[in-house]
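Student: What shape does this take:
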Amino acid sequence: MPTAIHWFRRDLRITDNSALYHASQKGDVIPVYILSSWKKKHAWTGPNRQHFLCGCLESLAKNIETISGKLIIREGRAIEALEQLIQETGATAVFFNQDPDPFGKDTEEKLAALCTELGVECHGYHDATLHGPSEILTQSDTPYKVYSPYSRNWLSREKPSPLSKPKFLNTPSGISSLDLPTVDHWGLQATDADLPEPGERAARNRIKHVVSDIIRDYSERRDIPSVNGTSRLSQDLRFGLISIRTLYRMLDDELKSARGAPRHSIEIFIKELAWREFYFAILHHFPHVIDHEFNQDWKGLPWDKPGENFEKWKTGSTGFPIIDAGMRQLLKTGFIHNRVRMITAMFLTKDLHIDWKIGESHFMQHLTDGEIASNNGGWQWSAGTGADAAPYFRIQNPWSQTKKHDPKGEYIKRWIPELKDIDPKKFQSPPENDEPLAKGYPLPCVDHKTERERTLAIFKQHRGN
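Tutor: From the prediction side, this is the model:
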């Protein structure tokens, strides 16, 4: 019987998995996950995400055993590891789901060349999004650079249906495998952050919670960081614990019977999925965004060197309560509320004048849901340099953002215990008479009005050059 390799990457589930489904039709299947070999520090990840990954792999291994398979763990460069596995097992085909980032695409091209050289079939599937980056194009077959027309096109398209779970996944015996990893594999310290439960079952439970308790009020509650008003599915989509097809099908089923405000909320939620795919498309068509500004008008902007204020931003001690609450939430949970992500990112770039790429890397090192495309898109939007970016002169005021999104100070007091007894109205404007809000809490590290004017001058001068 032919033997196929299924290479798990960011699709750590057995239900509605495109490549795994098709591999299971081929014959015997060798499911493999290849551990990266970097150690101790990485610009794009950190202990939170790696700890979550370890839990997901443990869950995946157990799920594969329920359908008679065995997860094989290997380590090193993906192409070398796959070549060795092909030669060891005599596999006749390799199946995988395509990666949306440039690094993964480069590896896929090398894998295709290797398979051609070895006479092995190579099957890559579109799985991470509902529509591939080349499906949603303008009438002149060029990529969109603005979200609104992209989303209209995206929303008008028929969506793919979920696939069934393989009933049986026979893995040949005698294939060597490493043990399931812990964060020690990467030379990292175990995290004490309060992370979500890993694995496919936990992710499916979160979907059920979203459908039953979140989506009908999503429009009203999603921008209030003190309440449980967002889906918290981002890490599940990032690691492929759930299929985007399954999620969309559940949302669409709810949409069919919803009316009024609940229907509007579900529609808003679905548009957030379009935002996600828009940023994937931007990364695909404009891979330079990894290292440079999307909008070339802002290439070479002068940024300040990160110093003491950057350290204050990272540790949540800027003296701006909404900023500090968000950064402390990130450190303690590996998550930061989406509205607060925008506020903190714009503060770093527009008030502290620090390069968005530095903040982008910091988020990726701490976020459990760190997704290259979405994180890059969000940071460039906040910096005013990205696709569909707010004009550079739109600069959020942390004090007024607090008044709008956390008027009772509930979010701030949750994450900054020093301020638990302070009148929340004092979080909505700079402290009076240069007096700290509370003992042990710092004064604001900058004056927002002054830094706003400086930002406007920097952008205006750069555009004039």
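Student: thinking A81 is in contact with Q87, fair?
Tutor: No: using CB atoms under 8 Å, A81 is not in contact with Q87; the gap is 11.1 Å. (Glycine included, C-beta is placed from N, CA and C.)
Student: So, low pLDDT: which residues of this protein?
Tutor: 1, 389-390, 465 (pLDDT under 70).
Student: Let me see the ranges of the strands in it.
Tutor: For the chain, applying DSSP state E gives strands covering 3-8, 28-35, 72-75, 93-97, 121-125.
Student: partners of the first one in the sheet?
Tutor: Partner strands and pairing direction for strand 3-8 (DSSP bridges) are strand 28-35 (parallel), strand 93-97 (parallel).
Student: if we can go back for a sec, JSON lines please, covering the strands of the chain and showing mean neighbour count.
Tutor: Shown next, in JSON lines, are these (neighbours: other CB atoms under 10 Å):
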{"stretch": "strand 3-8", "mean neighbour count": "25"}
{"stretch": "strand 28-35", "mean neighbour count": "23"}
{"stretch": "strand 72-75", "mean neighbour count": "18"}
{"stretch": "strand 93-97", "mean neighbour count": "24"}
{"stretch": "strand 121-125", "mean neighbour count": "17"}
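Student: Adding distance to V211, write those out as a markdown table.
Tutor: Compiled in a markdown table, those are given as follows (distance: least, CB to CB, whole Å):
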| stretch | distance to V211 |
| --- | --- |
| strand 3-8 | 27 |
| strand 28-35 | 29 |
| strand 72-75 | 34 |
| strand 93-97 | 24 |
| strand 121-125 | 26 |
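Student: hang on, the earlier thing: higher neighbour count, A81 and Q87?
Tutor: Counting neighbours by other CB atoms under 10 Å for A81 and for Q87 shows that A81 has the greater number, 19 against 10.
Student: Nearest to I207, out of the strands of the chain?
Tutor: strand 93-97 (19.2 Å; CB to CB).
Student: pull the CA atoms of that closest one into PDB?
Tutor: Once non-C-alpha atoms are left out, strand 93-97 reads as follows in PDB (Å, rounded to 0.1, in the frame of the first residue of the first chain):
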ATOM      1  CA  ALA A  93       4.000  11.400  -1.500                       C
ATOM      2  CA  VAL A  94       4.200  14.400   0.800                       C
ATOM      3  CA  PHE A  95       1.100  16.300   1.800                       C
ATOM      4  CA  PHE A  96       1.000  19.700   3.600                       C
ATOM      5  CA  ASN A  97      -1.100  22.800   4.000                       C
END
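Student: now that strand against strand 121-125, angle please.
Tutor: For strand 93-97 against strand 121-125, the angle by axes from the mean of the first three to the mean of the last three CA atoms, to 10 degrees is 10 degrees.
Student: Name the surrounding residues that touch strand 93-97.
Tutor: 2-7, 9-11, 17-20, 22-23, 26, 82, 86, 108, 111, 115, 120-128, 240 (CB atoms under 8 Å, 6 or more residues apart in numbering).
Student: Also stretch 299-318?
Tutor: Contacts of stretch 299-318 (CB under 8 Å, 6+ apart): 292-293, 319, 323-328, 331, 344, 347-348, 352-355, 358, 362, 385, 415-416, 442, 444-446, 458-459, 462.
Student: Drop anything exposed from the residues you listed.
Tutor: Buried members of the contacts of stretch 299-318, counted by 16 or more other CB atoms under 10 Å: 292-293, 319, 323-328, 331, 344, 347-348, 352-355, 358, 362, 385, 415-416, 444-446, 458-459.
Student: can you put the strands paired with strand 3-8 in CSV and add distance to P262?
Tutor: Converted to CSV, these look like this (distance: least, CB to CB, whole Å):
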stretch, distance to P262
strand 28-35, 40
strand 93-97, 33
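Student: of all the ones you listed, which lies closest to S164?
Tutor: Between S164 and those, the shortest gap by CB to CB is with strand 28-35, which sits at 15.1 Å.
Student: can you list the residues that contact that closest one?
Tutor: 1-9, 12, 20, 23, 57, 60, 64, 69-76, 78, 81-82, 85, 89, 91, 166, 169-172, 175, 178, 181, 185.
Student: Now with 7 Å, please.
Tutor: Here strand 28-35 makes contact (CB atoms under 7 Å, 6 or more residues apart in numbering) with 1, 3-8, 23, 57, 64, 69, 71-76, 78, 81, 85, 89, 91, 169-172, 175, 181, 185.
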